[in-house]
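**Q** generate a structure from the sequence data that follows.
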Amino acid sequence: MKMNFAELRADFPLLKQTNRGKPLVYLDSSVTSQKPQCVIDTISRFYERDNANIHRGVYELSERATREYEKTRVDIKNFINAGHAHEIVFVRGATEGINLVAHSFGRMQVQAGDEILVSEMEHHSNMVPWQMLAEQVGATVRAIPISDAGEIDMQAYESLFSPRTKMVAIVHASNALGTINPIKEMIQIAHAHHVPVLVDGAQAAPHLPVDVQDLDCDFYVFSGHKLYGPTGIGVLYGKAKLLERMPPYQGGGDMIETVSFQKITYQKSPFKFEAGTPDIAGVIGLGAALAYLKKIGMDNIAAHEQELLQYATQELSAIPGLKIIGTAKQKVGVISFILDKVHPHDVGTILDTQGIAVRVGHHCAMPLMERLKLSATVRASFGLFNSKADVDALVAGVHAVKEVFG
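**A** Coordinates of the predicted model:
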């Protein structure tokens with residue numbers, strides 16, 4: 001079904017406000033997406049009608065909350081085509097999901113002298129946990145090289161594998177460049193060497209259809225707040241056989257089966273990884289976001305954002321002195337750029353006076369900036385609520401920057 005994306009903007013109440021006296025143009029969905037009214041209403045409704053703790057209550061409120069919470073687990077399983085609902089672990093975000101895998105599975109998998117492969121374009125969240133693990137056990141993190149266009153050097157990637165390689169951690173889509181990596185092929189190469197793969201899907205899940213069984217990844221993580229859901233909630237998918245082997249990441253209520261001073265026994269996955277009272281409202285709000293996206297269709301969202309990306313690339317490329325950073329053939333709706341003789345922070349500040357919200361800086365990808373010999377870029381990132389009018393506003397804003405700086 002063909003969607004009218006211009007009409008969908010009305011679903012997002014925050015976008016109705018002005019910024020610095022100008023209509024708000026929000027181009028920072030890579031950091032966090034805005035929330036549709038249905039998500040906001042679902043969270044409010046939970047606190048108004050269903051607020052109770054889950055799993056252990058025998059009264060109706062608790063049973064209702066538990067049903068909605070566990071229904072979302074099934075919805076996520078369907079959203080990414082996991083094999084089983086018990087392969088879905090709720091975490092605080094993609095960052096916590098990566099840390100869980102690094103410090104639970106990683107401690108079983110990686111030993112002194114081993115190597116972990118991580119690309120040069122990774123967000124710090126998919127680099128620092130592996131560096132921490134490597135420091136603790138005496139392993140090494142090795143960089144998967146990228147080209148100047150921002151694409152994985154696949155020949156170099158394959159050449160990095162050796163008997164010491166024990167883990168690959170790779171981003172599905174780059175937050176700083178927009179590059180969509182050839183994840184399925186990278187996983188096939190890693191599995192040929194009997195090496196498991198974690199995929200950071202924080203920037204892919206909101207923009208592309210994801211099928212973890214087709215990818216055959218061992219772990220996949222993403223965050224709710226980039227997926228039109230609330231902050232503080234995220235998802236770790238792990239193959240059941242791996243999750244069952246992994247020790248708990250945190251201890252506390254709801255992840256135990258029995259506790260005594262002599263012995264502790266743990267629940268089965270996923271519950272052994274969900275210690276303490278979770279963000280129940282956040283999980284249920286994420287369920288509402290998934291229902292909203294399902295109604296629109298991820299294929300439709302991807303096509304809409306590709307149209308915006310192509311239009312923005314064409315219009316920005318025509319501005320003298322502007323250089324787009326990241327020119328991979330396959331990208332999500334992210335454009336990073338620099339402007340001659342103008343610092344990115346100055347660009348962002350002046351765009352703000354025009355009502356335009358973009359991100360400036362290193363985008364939590366300092367090794368990537370070092371690889372590209374840059375200190376920072378300006379980044380515009382699209383969501384389903386954006387339009388060509390937003391791109392036109394950005395282009396006009398960049399021209400205003402050029403006028404200020406002569």
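**Q** walking through the stretch 1-150 of the chain, point out its strands one by one.
**A** Using DSSP state E, counting those that start in this stretch, the strands of the stretch 1-150 of the chain run over 18-19, 22-23, 25-26, 88-91, 115-119, 140-144.
**Q** now do the last one: which elements does it pack against?
**A** Pointing back at strand 140-144 there. Applying 3 or more CB pairs under 8 Å, 6 or more residues apart in numbering; DSSP states H and E, one finds that strand 140-144 contacts strand 115-119, helix 128-137. Using the backbone N, CA and C atoms, a C-beta is placed for each residue, glycine as well.
**Q** list the helices and strands the last one packs on?
**A** In this case it means helix 128-137. helix 106-109, strand 115-119, strand 140-144.
**Q** one more pass at 7 Å, please.
**A** When contacts are defined as 3 or more CB pairs under 7 Å, 6 or more residues apart in numbering; DSSP states H and E, helix 128-137 sits against strand 115-119, strand 140-144.
**Q** can you name the next helix or strand after the worst-scoring helix or strand of the chain on mean pLDDT?
**A** Ranking every helix and strand in the chain by mean pLDDT, DSSP states H and E puts strand 256-259 at the bottom, with a mean of 85. Sequence-wise, the next helix or strand beyond strand 256-259 is strand 264-266, with elements assigned using DSSP states H and E.
**Q** which of the residues in the helix or strand following that next one are buried?
**A** The C-terminal neighbour of strand 264-266 among helices and strands, as given by DSSP H and E, is helix 280-296. Buried residues in helix 280-296, counting neighbours by 16 or more other CB atoms under 10 Å, are found at 280-290, 292-293, 296.
**Q** okay, the strands of the stretch 1-150 of the chain, which one's buried deepest?
**A** Of all the strands of the stretch 1-150 of the chain, strand 88-91 has the most neighbours on average by mean count of other CB atoms under 10 Å, namely a mean of 26.
**Q** just checking, what packs against that one?
**A** Applying 3+ CB pairs under 7 Å, 6+ apart, one finds that strand 88-91 contacts helix 60-79, strand 234-238.
**Q** poorly predicted segments of the stretch 301-406 of the chain, please.
**A** Of all residues in the stretch 301-406 of the chain, none has pLDDT under 70.
**Q** how about the helices in it?
**A** Assigned by DSSP state H, counting those that start in this stretch, the helices in the stretch 301-406 of the chain fall at 344-353, 366-372, 388-404.
**Q** could I get these as TSV with mean neighbour count and distance to residue 91?
**A** Shown next, in TSV, are the helices of the stretch 301-406 of the chain (neighbours: other CB atoms under 10 Å; distance: least, CB to CB, whole Å):
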stretch	mean neighbour count	distance to residue 91
helix 344-353	18	31
helix 366-372	17	24
helix 388-404	17	32
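**Q** including distance to residue 300, could those helices go into JSON lines?
**A** Putting the helices of the stretch 301-406 of the chain into JSON lines (distance: least, CB to CB, whole Å) gives the following:
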{"stretch": "helix 344-353", "distance to residue 300": "29"}
{"stretch": "helix 366-372", "distance to residue 300": "30"}
{"stretch": "helix 388-404", "distance to residue 300": "16"}
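**Q** on that earlier part again, tell me which of the helices and strands packed on strand 88-91 sits most buried.
**A** Among the helices and strands packed on strand 88-91, strand 234-238 has the highest mean neighbour count (mean count of other CB under 10 Å), at a mean of 28.
**Q** ok, residues contacting it?
**A** 76, 80, 82, 87-94, 96-97, 100-101, 212, 218-224 (CB atoms under 7 Å, 6 or more residues apart in numbering).
**Q** closest to residue 253 out of the helices and strands packed on strand 88-91?
**A** Closest approach to residue 253 among the helices and strands packed on strand 88-91 (CB to CB): helix 60-79, 14.3 Å.
**Q** now the angle from the closest one to helix 280-296?
**A** Orientation of helix 60-79 against helix 280-296 (axes from the mean of the first three to the mean of the last three CA atoms, to 10 degrees) gives an angle of 40 degrees.
**Q** ok so, going back, take the helices and strands packed on helix 128-137 and lay them out in a markdown table including mean pLDDT and distance to residue 164.
**A** Formatted as a markdown table, the helices and strands packed on helix 128-137 follow (pLDDT from 0 to 100; distance: least, CB to CB, whole Å):
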| stretch | mean pLDDT | distance to residue 164 |
| --- | --- | --- |
| strand 115-119 | 98 | 5 |
| strand 140-144 | 98 | 8 |
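**Q** so for residue 308, which of those sits nearest?
**A** When those are ranked by proximity to residue 308, the top entry is strand 115-119, at 25.7 Å, counting by CB to CB.
**Q** and residue 19, which of the helices of the stretch 301-406 of the chain is closest to it?
**A** Per CB to CB, nearest to residue 19 of the helices of the stretch 301-406 of the chain: helix 344-353, 7.2 Å.
**Q** which neighbouring elements make contact with that closest one?
**A** The elements that helix 344-353 packs onto, with contact taken as 3+ CB pairs under 7 Å, 6+ apart, are strand 359-361, strand 377-381, helix 388-404.
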